[in-house]
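Novice: Below is the sequence, then the predicted model.
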Amino acid sequence: MSYQSYRTGPYETHVMLGVIQEELQPLSYLKTAKECAQVFYDIFQWNIMVREKKGKIYGVLNDWDLAIWLNNERNGPTSLFRTGMKPYMAHEQQSVNWEGPHRYRHDMESMFYVMLLFICLYSQPNEKVPHLEENDYEYEEWHRRDDWFLRDKKSSVVTTALFTPPATPFFVGFFMWLTELQGHLCRGFFHLGDFTVEAAKQEASQPDKLPPFNLETLGGYFSHEQIAMILHIFNNEQLTTHGLEWQKILEALSQ
């Protein structure tokens, strides 16, 4: 809807704009691990809300990176140069030397961290594991530390050969998702390292014949198709795939 008013004299013309949308709910609204899985499958990014329609749960993306706090603690956007809440940002973006570009895989890596912290720090969608700060729980620190610390920890997570996330009992079904996603990230960054070395050698001898590598998807190891193949199944049950196009893609990939 819009409202427009005009005044004479020194006043400027003003246009008032508003948005009307369905009521959204936080992740704590969810009741089962499968509902949480459906939401993460719906939205391959962070800052997730939930919409319920006719008894079905849907994930909805909301981006609050440029929102302004209503109290006096902050007077501007949460980030001037890089959007993202620190615990969930792709680890490369937290380097002081990072200048972009923002790639598709950065959003996918962010989704991985949202899922990781959610299933490890919460005993159920609306309840955190008690006494996390007192026990200095591994991932609880991510909400309190700086970019240097987070980049170091996340680099270890995505490159380790032995990744065993401590999922809480309610979210144990996510263990397979997380280990498979981490495996794709690990292999992708391994091959990115090989590509970087070979590209440096090639540039010195034959700069016009650099080896090909898809930087958007880590050589195809962290592509949308790879992630969809992981996330469309939860606890051996097939989740709802919205849209005929993606249904056809999954059918083709499954053959």
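Specialist: Alright, I've got the coordinates.

Novice: Could you use CA atoms for every contact and neighbour count after this?
Specialist: Will do.

Novice: Point me to the helix or strand that includes the residue nearest the centre of the chain.
Specialist: For the chain, the residue nearest the mean C-alpha position is residue 111 (1.9 Å; CA atoms, centre = their mean). When elements are assigned from DSSP states H and E, residue 111 belongs to helix 104-121.

Novice: Flag every buried residue along that helix.
Specialist: 105-121 (16 or more other CA atoms under 10 Å).

Novice: Next: stretch 88-95.
Specialist: Neighbour-count burial for stretch 88-95 [16+ other CA under 10 Å]: 88-94.

Novice: Out of the residues you listed, flag the one nearest to residue 237.
Specialist: Nearest to residue 237 among these, counting by CA to CA, is residue 88 at 27.4 Å.

Novice: ok, for residue 209, nearest residue in space, not its chain neighbours?
Specialist: Distance criterion CA to CA, 6 or more residues apart in numbering; nearest residue to residue 209, sequence neighbours excluded, is residue 202 at 7.0 Å.

Novice: Now do the contacts for that neighbour.
Specialist: Neighbouring residues of residue 202 by CA atoms under 8 Å, 6 or more residues apart in numbering: 209-211.

Novice: and which of the buried residues of stretch 88-95 is nearest to residue 180?
Specialist: So of those, ranked by how close each gets to residue 180 (CA to CA), first place is residue 90, at 17.5 Å.

Novice: mind checking pLDDT for the closest one?
Specialist: Residue 90 is assigned a pLDDT of 92 by the prediction.

Novice: Test my guess that it contacts residue 103.
Specialist: No: counting by CA atoms under 8 Å, residue 90 sits too far from residue 103 to count as a contact (9.9 Å).

Novice: Can you classify residue 41 by secondary structure?
Specialist: Judged by DSSP: H, G, I helix; E, B strand; the rest coil, the three-state class of residue 41 is helix.

Novice: Also residue 23?
Specialist: Applying three-state DSSP: residue 23 is coil.

Novice: pLDDT wise, what is it at?
Specialist: 74.

Novice: That one: neighbouring residues, count only.
Specialist: Neighbours of residue 23 under the rule other CA atoms under 10 Å: 9.

Novice: Now do it against residue 34, distance only.
Specialist: 22 Å (CA to CA, to the nearest Å).
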